[in-house]
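1. Any chance you could fold what I've pasted below:
(chains A and B)
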Amino acid sequence: GQNIDQPTEMTATEGAIVQINCTYQTSGFNGLFWYQQHAGEAPTFLSYNVLDGLEEKGRFSSFLSRSKGYSYLLLKELQMKDSASYLCAVREQRGGSYIPTFGRGTSLIVHP
Amino acid sequence: ETGVTQTPRHLVMGMTNKKSLKCEQHLGHNAMYWYKQSAKKPLELMFVYSLEERVENNSVPSRFSPECPNSSHLFLHLHTLQPEDSALYLCASSQDQAGADEQFFGPGTRLTVL
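-> Numbering: from 1, shown residues only, chains lettered A, B, ... in the order given. The predicted structure follows:
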């Protein structure tokens, strides 16, 4: 099984930078995903990390350290529309199957 | 239709009813998933199918019964549910289980059990 931990809620100012952390414990790590979920909507994919390091995608970047069981999502130049829940998901290999487990999500509130 | 669709979008049922949720993906993906999302709880994986074969049943009560007749369709059959089963049920698909394949989610079915 897995234990995924991320902060429940964060607030930030429009135009600023925010970092959302995710720590996990797993025995068969096979990739880490970040998803964004606006209230009342389905989650949508943001990023994927399987090797250590930083993946950059426009205003969003995601970092992974497998040895530390740690990832973060970095959001730059925050906009009001970035107010949403951010879900960290760790995929684990169990035999021949690959099973994703989600954290509780971090609710980000961006204010003017 | 594109992406992942789910029907119905809202469902209210009594504890003695039998109903089914339907999911369809138009992406040519090989893996499909059912999740339960309750308030203040993480997204809970219920079932995973890969190439129409169930590969994971995450200790889900037998009152939930999945069916995957082909790689494009996934059903969740419901019977004798409990009020605590009220939640948002999300379907997702991915190209395959592994690799950099992200999951594409449907809009969900909001289920209320009275």
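2. Give me the residues contacting the strand ranked longest in chain A.
-> When chain A is parsed with DSSP state E, its longest strand is strand A:84-94. Strand A:84-94 is contacted from outside by A:2, A:4, A:6, A:20, A:22, A:24, A:26-39, A:43, A:46, A:71, A:73, A:98-103, A:105-108, B:43, B:56, B:98, using Cβ atoms under 8 Å, 6 or more residues apart in numbering or on different chains. Yep, even glycine has a C-beta here, placed from its N, CA and C like the rest.
3. same thing with stretch B:5-19?
-> Stretch B:5-19 has contacts (Cβ under 8 Å, 6+ apart) with B:21-26, B:77-83, B:89-91, B:106-114.
4. Remind me what the helix or strand bottoming out on mean pLDDT in chain A packs against, helices and strands.
-> Using mean pLDDT, DSSP states H and E, strand A:97-102 stands out as the lowest-scoring helix or strand of chain A, at a mean of 90. Counting contacts by 3 or more Cβ pairs under 8 Å, 6 or more residues apart in numbering or on different chains; DSSP states H and E, strand A:97-102 is packed against strand A:29-37, strand A:84-94, strand B:44-50, strand B:53-57.
5. Tell me how far it lies from the chain's centre.
-> Strand A:97-102 sits 15 Å away from the centroid of its parent chain (Cα atoms, centre = their mean, to the nearest Å).
6. pLDDT (mean, whole number) over the helix or strand just after that strand?
-> For strand A:97-102, the following helix or strand on the C-terminal side (DSSP states H and E) is strand A:106-111. In this model, strand A:106-111 carries a mean pLDDT of 97.
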